[in-house]
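Novice: With the input below, show me the fold.
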Amino acid sequence: MNKKAFLLGFFSIGGQILILRELIASFNGDELFIGTALFGWMISVAIGAYFGGRKRLPFKPDGLLVAGATVLPISILVARLSPLILCDVVGETIPFGMAAIASMILTFPTGFFSGLLFPSLTREGHRTAMSISRVYLFEGFGAFIGGIVVTVLAGPIFSTMALAVALGILILLLNFISFNGKMILPAILLTTALMLTVKYAIPPLDKYLDGRKYESFQVFGSFDTHYGHQTIISRDSSTILLTDSKVEAVYPEWETAENVLIPPLIYKPEAKNILILGRTEFGIDQIAAFFPEAKFTAVDPRISLTGELAKYFYSGKNIVSIADDPLSYLGSSEILTKYDIIILLPGLPDNYKSSRLLATSFFNLAEKAMKKDGLLFIPTAYDTDRFISLQKQEVLATINRTLRQSFRSVDVWPGTSTLFFASNDSMLNISYETILNRIDSLAYKPQFISGDYLINRLDSLKILRLRESLKGNGYINNLINPYLLYQQILLTSSANPVDRKITSTIFQTIYPAASVSLIVILFFIWSVLSNQKRRKFGLYLYFTTGLFSLSAELLSFYLYQSVAGSLYSDIGLLIGVFMLGLALGSYVAIKSGAEKLEYPSLLLLLTSIILLFSTYFRVSQSILLYYHMLFLLTIAIASGALFVAATYRYYFGRAKSNQGIGYACEIIGSAIGALFVMTILLPLLGLTGLLMALMVFILMGLLGAYITE
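Specialist: Below you'll find the model as predicted:
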C-alpha cells in the first residue's frame, strides 16, 4: 500500500504540473488557467474518489496506475492540438471563456484516475481512519519527489510531451518491478535506457505536432524552455517566433523594429547606454548596428532560445545579451550602469507575467535604473490611429495613470502601435519640426518613422483625441490590485459575444463571489447544527483543508510570479515543497496521537497568513524563493495535520463508511479555492481584502471546532 500511495502522489503531482505547463503553453501563456485547470482537476479527482470509495466498485490499484500512466501523455497530446479547434488563425489569442472551459475538460481524465486510486489504496489497510491517513502521508512524499523531478527535468532536458511519456514509463516500472538486491542494478540500467530513448525519440514528435498546428508553415524549431514553449516557423521569406502559441516577433518586419528603436532615439539622440527588456533578433539588432557609439543591453530569461535564434539571425557587436528576468534584473543590486533609455517590450498584459511589467513596482525600479534625464519607452500593440473603443480607453488610461505614479512627464504617440514615453526630464516637450530634424540627423534612415509618415500619425486632432481618452476610467495597476490584467481580458473578449458575456459575469459582477460565500456559510451552518455535529464537522474540516491550502498556494504563486517572474520554471519545486509539507504534517499528526489536532492546525494556518500579510512586500529578491517555499511548507504542514484531525472526527468507529468521501470533500474545497480565489476574488477584493477573507475563514473553523466539541 505504501509504495502504491507513493506512486499515486508521484503520478498525481507530476501529471498535474505537466498538464498545467502544456495548458499555459497552448493557451497563450496565461497563468489564469492555472486556477481553472486546477478546478477541473480537483473536481475530477473528487468524482473519482467518491466513485472509487463505493463498495460495489472495487477498482484495483495496479490497473488504475497503468490507465493513468497511459492517459497522461494522451492528455498532453490533446492539449497541444486543442488550439486547432478553438482558433483558426496562427498566433491569435484564444478567448478567455473558451480556453477556461477547455482547460477544465482537458484535466478531467488524468484527475479522475488519480481520484479513483486514493480509496482503492485505503482499502488495503485494516483500520479506516489510520489507512486513510497513511495513504495521504505517502501520497504527499510521492508528490514531493514528483514535483522535484519535473522541476529538474522539464524544459531544456525533456519537453513536456517527452517527460509525460517518461513519467508514465517510470510509474509502470516502479509499480511492477520488485526492488530487491538483485534487481536494483538491472532496473537502473533499464530505466536509464528507456529515459534516453524517450529524450531523443519524442522531440521529432513535438516538431511534427507543431507542423500539424501550423500546416501552411515550415517548422524550423519546436522546443521547451524554463519559461514556455517556443516554435520557430517560416513562410514566404518571413520567420515567425511563437511563444506559447502566440506570435511574439516576425522578421522581416521593419515597421515594428523601427517603432521600437527610433522614437526614443528621437528624444535622446545622444544616448550611449540603452537597455532593451525583450528580444532584439527580429530587426532591432540590424538597426542597432547603425549606432556603433551606443551600447545596447538586451535582457530576456530564455537563454536556450538565444542559442536557437543565433542559427538564423546575426547579433550586432554593440548588443550584449543577458539571460535574466526583466524585473529580477532591475531589482538586482549588481546593476552599476545607469541607462539613458530603457525600452520595455511587455507584450499584451493578458497574464501576470506581462501585466506585472506595467505596474508601479516595475516602473519604480525602472526609474531608479535610469539617469536623471533618462527615458522609459513602451511600444504597445494598441491601435489608436482612428477609433478607440471604451475597453481600449480603460486599458490605455490605466497604463498612463500607473506611469504617472513614477514619472513627472508622460507623453504618447497615436498610431497602429501606441507609444508611451515617460521621464522626469522636460525632453518630451519638443516641436514637430525638431522631431523631423532629429530624424534626418540619424545614422539610420527610417522607412516608416519618417516625415511623410509622421505628419499623419502626429496629427494634432489624433493626439488630442488620444490624450482625452487617457483621462478616462484609469486605475493604478499594482501588486495589490492588478486591474490591467482583467481590463485586457475584457478588451480581448469584446470581439466574441459569448466570451464577452462570460468574462463580464466573472469580472464585473458580484454574483460568483456571493455564490461561493453562500456555499461556505451554508456548509458551516449545516455542519455545526446537524445531528452528530462532531462527526459532520469533520467534513467541514476536510473542506477547510482543501479550500484554504489551495487558496494560499495560488496566492503564493501569484506573489512569486509578480516579483520573481519565473513561476513557469519553479512551479514544480513550489508544488513539491507544498506536498512534502502535507506529508510531514500528516506524519507528525499520526505519530503524536494527540486529540483536538484541529486547534493547533487552524492556529498555525491563521498565523502563517497573518505573517504573509505583514511581510510579503518586504522580502528581498535574493531570498524570495526560500520565503515562499517556507510559507508553503508551513501552510502544508498545518493542512496535513488538519486532514488527519478531520479523518479522526469523521471516520472514528465507522469502518464501513465510503473511504473516498472525506478525500472528495477536501478536493471540492481545493477546487473552489482554485477557481474562485485568483480568477474571481482577487479582482473583486484586491490582495489585501482576499487575505483578510482567508483569516475570517480560519476563524470560522476555530469557532466551529469549539461549538462541535
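Novice: show me the contacts for the closest residue to Ala166 other than its chain neighbours.
Specialist: Using C-beta to C-beta, 6 or more residues apart in numbering and skipping the chain neighbours, the partner closest in space to Ala166 is Val198 (4.6 Å). All C-beta atoms are positioned from the backbone trio N, CA, C, and that covers glycine. Shown in contact with Val198 (C-beta atoms under 8 Å, 6 or more residues apart in numbering): 158, 162, 165-166, 169.
Novice: can you rerun that using 7 Å?
Specialist: When contacts are counted by C-beta atoms under 7 Å, 6 or more residues apart in numbering, Val198 touches 162, 165-166, 169.
Novice: Identify, from the residues you listed, the entry nearest to Met427.
Specialist: Met427 lies nearest to Ala162 out of the contacts of Val198, by C-beta to C-beta, at 51.1 Å.
Novice: any idea which helix or strand comes after the host helix or strand of that closest one?
Specialist: Following DSSP states H and E, one finds Ala162 within helix 160-176. On the C-terminal side of helix 160-176, the closest following helix or strand by DSSP H and E is helix 184-213.
Novice: tell me how far that next one is from the chain's mean position?
Specialist: 27 Å (C-alpha atoms, centre = their mean, to the nearest Å).
Novice: what is the mean pLDDT for it?
Specialist: Helix 184-213 carries an average pLDDT of 79.
Novice: and what of stretch 101-112?
Specialist: So the average pLDDT for stretch 101-112 ends up being 85.
Novice: tell me which residues in it are buried?
Specialist: 102-104, 106-112 (16 or more other C-beta atoms under 10 Å).
Novice: In helices only, show me these.
Specialist: Among the buried residues of stretch 101-112, the members found in helices (DSSP state H) are 102-104, 106, 108-112.
Novice: between those residues, which is nearest Lys60?
Specialist: Phe112 (15.8 Å).
Novice: distance of the closest one from Leu309?
Specialist: 41 Å (C-beta to C-beta, to the nearest Å).
Novice: so what does the lowest-mean-pLDDT helix or strand in the chain touch, helix or strand wise?
Specialist: When each helix and strand of the chain is scored by mean pLDDT, DSSP states H and E, helix 83-86 comes last, with a mean of 72. Applying 3 or more C-beta pairs under 7 Å, 6 or more residues apart in numbering; DSSP states H and E, one finds that helix 83-86 makes contact with helix 96-106.
Novice: Can I get the helix it packs on in PDB? Just the C-alpha atoms.
Specialist: The C-alpha coordinates for helix 96-106 follow below in PDB (Å, rounded to 0.1, in the frame of the first residue of the first chain):
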ATOM      1  CA  PHE A  96     -10.700  33.500 -22.100                       C
ATOM      2  CA  GLY A  97     -14.000  31.800 -21.700                       C
ATOM      3  CA  MET A  98     -13.400  29.100 -24.300                       C
ATOM      4  CA  ALA A  99      -9.900  28.500 -23.000                       C
ATOM      5  CA  ALA A 100     -11.100  28.300 -19.400                       C
ATOM      6  CA  ILE A 101     -13.700  25.700 -20.200                       C
ATOM      7  CA  ALA A 102     -11.200  23.700 -22.400                       C
ATOM      8  CA  SER A 103      -8.600  23.700 -19.500                       C
ATOM      9  CA  MET A 104     -11.200  22.200 -17.200                       C
ATOM     10  CA  ILE A 105     -12.200  19.500 -19.600                       C
ATOM     11  CA  LEU A 106      -8.600  18.500 -20.600                       C
END
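Novice: gap between it and the chain center?
Specialist: 15 Å.
Novice: Could you name the helices and strands sitting against it?
Specialist: Here helix 96-106 touches helix 2-26, helix 32-52, helix 61-81, helix 83-86, helix 483-493, helix 497-507, going by 3+ C-beta pairs under 7 Å, 6+ apart.
Novice: Least confident of those, on average?
Specialist: Among the helices and strands packed on helix 96-106, helix 83-86 scores lowest, with a mean of 72.
Novice: partners of the strand of greatest length in the chain, with directions?
Specialist: The longest strand of the chain (DSSP state E) is strand 370-379. Pairing partners of strand 370-379, with direction, according to DSSP bridges: strand 339-344 (parallel), strand 419-423 (antiparallel).
Novice: For Thr634, find the nearest of the ones you listed.
Specialist: Closest to Thr634 of those, according to C-beta to C-beta: strand 339-344, at 35.8 Å.
Novice: Which helix or strand lies directly C-terminal to the closest one?
Specialist: helix 352-355.
Novice: Now do that next one: distance to the chain's middle.
Specialist: Taking the mean of its C-alpha atoms, helix 352-355 sits 9 Å from the chain's own mean (C-alpha atoms, centre = their mean).
Novice: Pull up the gap between Phe6 and Thr505, please.
Specialist: Taking C-beta to C-beta as the measure, Phe6 falls 42 Å from Thr505.
Novice: Give me the average confidence score over the helix holding Ala162.
Specialist: Helix 160-176 carries an average pLDDT of 80.
Novice: Output the contacting helices and strands for it.
Specialist: Checking 3+ C-beta pairs under 7 Å, 6+ apart, helix 160-176 ends up next to helix 2-26, helix 61-81, helix 184-213.
Novice: what angle separates that helix from helix 2-26?
Specialist: For helix 160-176 against helix 2-26, the angle by axes from the mean of the first three to the mean of the last three C-alpha atoms, to 10 degrees is 170 degrees.
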